[in-house]
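Trainee: My questions are about this predicted structure, shown below with the sequence.
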Amino acid sequence: MTSYIRFIPLSGARSERGVCGLLELDDAKILLDCGWTGDLDPADLSELEKHASDIDCVLLSHGSLRHCGGLAYAAAKLGLTCPVYATFPVQTMARHTVHDALMTRKMKSGYAAFTRRDVDVAFNRVTLLRYSQPVGLAGKAQGTLITAFSAGHSVGGTIWKIKNASEEVVYAMDINHRRDTHLSPTELFQGGNSVLPALARPSLLIAGCRTPPGTSIKTRDDALVHSALDTLKTGGNVVIPVDTASRVLELAHVLEERWKHDGISYPIVVLSHTAPRVMHSARGMLEWYAKQLTQAFSQSRVQPFDFTYVKLAASWDDLRKHPDPKLVLASDEDLDLGFSRQVFLDHANAPRHLVLLPGRPREATLARAIYDEVKRASPSLEEIVDVVTDVEVREYAREPLEGDELKRYLAARDTQREREARVAAELAAQNKSIIEADLSDEDDDEDDDAARERRAARKRKAAAAAAAADGAEGSEEATAAAAVKKLKKDAAAAAVVQFAGYDAYVRGNPRARFPFAEHRRRFDEYGEVVKQDHYLTDADRMEREREAAARKRAEAAAAERDGTGRVVAEAEELMDVDSEDAAPTKDVTRTVTVRVNVRARVVDFAGLSDADALANILSLVHARAIAFTGASDADTDGAVGRITDALAELNTDEAATVTATAGGDAVAAVHAPKVGDAVALSATNLVAHVKLTDALFTGITMHRYGKHEIGAVTAVVRPAASSAAIAPAAGGGGGATSSVAVLDVVDDTAARRHPAVVIGTVRLAEFKAVLDAHALDARFERGVLVVNDKIAVYKTANGDLALHGPVCREYDTVRRLLYAQHVVL
């Protein structure tokens, strides 16, 4: 059988944008990550849009925007409805990260590509896995097993192993072989010259090659703390642009421990829209952290990320509560959007302040421009550099519509309002007709009651006339009795009227009961109208409360105008909220030049393996082919060169020709494709697809073993055309094709009995429980299971089970029970 493996990078190959790739494993199509950038530009997901509806499952490796940012948009707008798999920390932190990115994007513009509800819906669908937990996929991917292993880069970060038949693919994006203060290193590297056996020798290794400058943990921590303290002591602020919920945990933990150890009093503030929720979630992930944190919790009950010195802020008001000088960890990490951008611009012309970059930022961003200046002045990145330059930054804003744009907008709005009014009128007419029909039914009931009353009155009148005809004289007793009867009837009617509003049956309105007041139900073309407020999630309520608070603050800020008539800065930073009376606007992006005069330094907190270590680790995996993605051209080419040298040193067959394909399918051992290019592998294995005839299939005796059914077949292989009756259950389809062989029944004369095959393994401890259940006295003596002081059951040196004892009833019973734990074919 020929297995087919194909990998197509959809984003992030030879670039530093979000990571996303499509893996085709025979008929299964698996999406590896669904990353985006802080711009949240739908154009970046154009390649994914071509394949979204055909994908069978999604595997998420880390909870950062680079790996999970596009999931909500793809699920809401691109038709990505397949199952999604991730660990619990990845799901939780990714949800917070995308929430923060969306709220950041809406701070200065009316971004509406997707909503917070879309984010919640997408991440609520994630199936949660634990490390080393194999899970089988369904649908076209049936028969494929996925298993998660620790990556070491972020909490819950994952290396994925995907196995189908005899082929294996390992997806190792952003790994870290070094031990962080809160995370253990990756499981892939076992130290020395060994890797985890479960991840060794795959058919294809897909690896990220984004590498930072290699520095030790102690050197890194000292550089961070000393640089920050030197600035704080001179009255300057320290700004660190960070991600929302990934590497910010390591930074915050290091600072908290150093501040606690040295008794430092300067404020540390983590500033993002979701900072309180991120740290609240982080406190509940103890089992996912490094062993030293779990031991500290066991000994002193110290909860990780239950900070004393690190404060959390979700707004400018929260940040202003902490006096200067202070250290601020603000999102986002590119300095292009959000709180970090505004904090930086506030300090851009103050040389006493310091900007600490925790890694190499993405290309074409404000943070990258500062990084390049530091790199130019200090190639080793070990010094604080005075950055004095002009940088171009993108600015998002809203401008009022004018001219033809305004006319087109007004025309479209009027058309929309007319359409909505027409639909509302139709619904009102439909509701009215339903209500009138309901009332007419009640009127019919009232008419029936009145008709019965008139018929009864006519009968009484006729009876009275007949009585008058029988005798002309009247009786005074009869007259008095009639008067009494009339008085009782009037009194009863008065009682009914008096208590009509209480617990009494009122003619004509059988629904009336006290104290319930029934309201009319409304209907539209889909049925009864439901109240949306009853089905709001906590996120929806928080969004409404936030928008209401934003309106109030904007109104208050608008009232506080300075002498030139400008609104104060706080009102400018509030999120715009659309209203019916607001002037029509449009979102615009412009490039402005900003004068920068600050001090800056780069400290490696990226949490990634350095270039040489990554090449050595990947070479030890002994993959049949390696595909690099998720990094810039320079990093990718460097990784290809280093892995080639490492493979050559190991004298492996993989150190063959290296090709960086520009298009089409690559066939070399090491590949570095661009976005849209394909890396294709195929292999011929000693496995063949066959179909069973009905006669053979119905004659198989199946034996249950655990969750499986096992049977032995003695058959003859025939060409497909020689038999028309094919078992649909075995073949999975209709008639046979010329390319698929057929197994058919063997003639009795030609059939030979195959030797007995014993299937299954039994642990002696489990077998002891079976013997106890059958009232046999079983105990262990020096590793031997002794039964009734007569029978001995033990395992030999090569793992086989041995049974010794005299011929007796107990021997037969133990032998029968032992064979019952296996399947004998």
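Mentor: Everything's here; your move.
Trainee: Tell me if I am right that residue 810 is in a helix.
Mentor: Yes: under DSSP: H, G, I helix; E, B strand; the rest coil, residue 810 sits within a helix.
Trainee: Check the spacing between it and residue 820 real quick.
Mentor: Distance of residue 810 to residue 820, computed by CB to CB, to the nearest Å: 15 Å. C-beta: built from backbone N, CA, C; applies to glycine.
Trainee: swap in residue 42?
Mentor: 61 Å.
Trainee: Look at these two and report which has more neighbours.
Mentor: Legend: neighbour count by other CB atoms under 10 Å for residue 42 and residue 820, higher for residue 42 (16 against 11).
Trainee: who touches that one in this structure?
Mentor: Going by CB atoms under 8 Å, 6 or more residues apart in numbering, residue 42 touches 73, 77, 113.
Trainee: Among those residues, name the ones in helices.
Mentor: 73, 77 (DSSP state H).
Trainee: Can I have the buried ones of the contacts of residue 42 as a ChimeraX selection?
Mentor: Buried subset of the contacts of residue 42, written as a ChimeraX selection, criterion 16 or more other CB atoms under 10 Å:
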select :73
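Trainee: Need the residue closest to the centroid of the protein.
Mentor: By CA atoms, centre = their mean, the chain has its centre lying nearest to residue 123, at 3.7 Å.
Trainee: buried set for the helix or strand containing it?
Mentor: Residue 123 is part of helix 116-124 when elements are defined by DSSP states H and E. The neighbour-count check on helix 116-124 (16+ other CB under 10 Å) flags 116, 118-123 as buried.
Trainee: which one of the residues you listed is nearest residue 63?
Mentor: Nearest to residue 63 among those is residue 123, at 10.0 Å by CB to CB.
Trainee: Name the nearest residue to that closest one, sequence neighbours excluded.
Mentor: residue 95 (4.3 Å; CB to CB, 6 or more residues apart in numbering).
Trainee: got the contact list for the nearest residue to residue 381 once chain neighbours are set aside?
Mentor: The shortest distance from residue 381 to any residue other than its chain neighbours is 4.4 Å, reached at residue 602 (CB to CB, 6+ apart). Listed by CB under 8 Å, 6+ apart, the contact partners of residue 602 are 213, 356-357, 359-360, 371, 374-375, 381.
Trainee: Please identify which of those residues is nearest to residue 148.
Mentor: Residue 148 lies nearest to residue 359 out of those, by CB to CB, at 24.8 Å.
Trainee: Determine the three-state secondary structure at the closest residue to the closest one other than its chain neighbours.
Mentor: Counting by CB to CB, 6+ apart, residue 606 is the residue found nearest to residue 359 once chain neighbours are left out, at 3.6 Å. Secondary structure assignment for residue 606 (three-state DSSP): coil.
Trainee: Which stretches in the stretch 301-450 of the chain count as strands?
Mentor: Under the criterion DSSP state E, counting those that start in this stretch, strands of the stretch 301-450 of the chain are mapped to 310-313, 327-330, 354-357, 385-400.
Trainee: Which of the residues in the longest one are classified as buried?
Mentor: Meaning strand 385-400. Applying 16+ other CB under 10 Å to strand 385-400 flags 385, 387, 391, 393, 396 as buried.
Trainee: Quick check: closest non-adjacent residue to the fourth one.
Mentor: Distances taken as CB to CB, 6+ apart put residue 366 closest to residue 393, at 5.0 Å, once the chain neighbours are dropped.
Trainee: got it, and the third one?
Mentor: Leaving out its chain neighbours, the residue that sits closest to residue 391 by CB to CB, 6+ apart is residue 369, at 4.6 Å.
Trainee: I'd like to check which residues are in contact with residue 619.
Mentor: Applying CB under 8 Å, 6+ apart to residue 619 gives the contacts 643, 646-647, 649-650, 652.
Trainee: Check whether residue 524 really touches residue 426, as I assumed.
Mentor: No: using CB atoms under 8 Å, residue 524 is not in contact with residue 426; the gap is 9.1 Å.
Trainee: and residue 716, how many neighbours does it have?
Mentor: The tally of other residues near residue 716 (other CB under 10 Å) stands at 13.
Trainee: Three-state assignment for it, please.
Mentor: Assignment for residue 716 (three-state DSSP): strand.
Trainee: give me every residue that touches the residue nearest to it when sequence neighbours are not counted.
Mentor: Using CB to CB, 6+ apart and skipping the chain neighbours, the partner closest in space to residue 716 is residue 746 (5.0 Å). By CB under 8 Å, 6+ apart, residue 746 lies in contact with 714-716.
Trainee: in the host helix or strand of the residue nearest to residue 123, what counts as buried?
Mentor: If you go by DSSP H and E, residue 95 is part of helix 88-105. Neighbour counts over helix 88-105 (16+ other CB under 10 Å) mark 88-105 as buried.
Trainee: what's the angle from it to helix 116-124?
Mentor: 170 degrees (axes from the mean of the first three to the mean of the last three CA atoms, to 10 degrees).
Trainee: and helix 88-105, what does it pack onto?
Mentor: helix 65-68, helix 71-77, helix 116-124, strand 126-129, helix 275-282, helix 338-347 (3 or more CB pairs under 8 Å, 6 or more residues apart in numbering; DSSP states H and E).
Trainee: can you give me phi and psi for residue 113?
Mentor: Phi and psi for residue 113, reported as degrees, to the nearest 10, are phi -70, psi -30.
Trainee: To clarify, my last question referred to residue 158.
Mentor: phi -130, psi 140.
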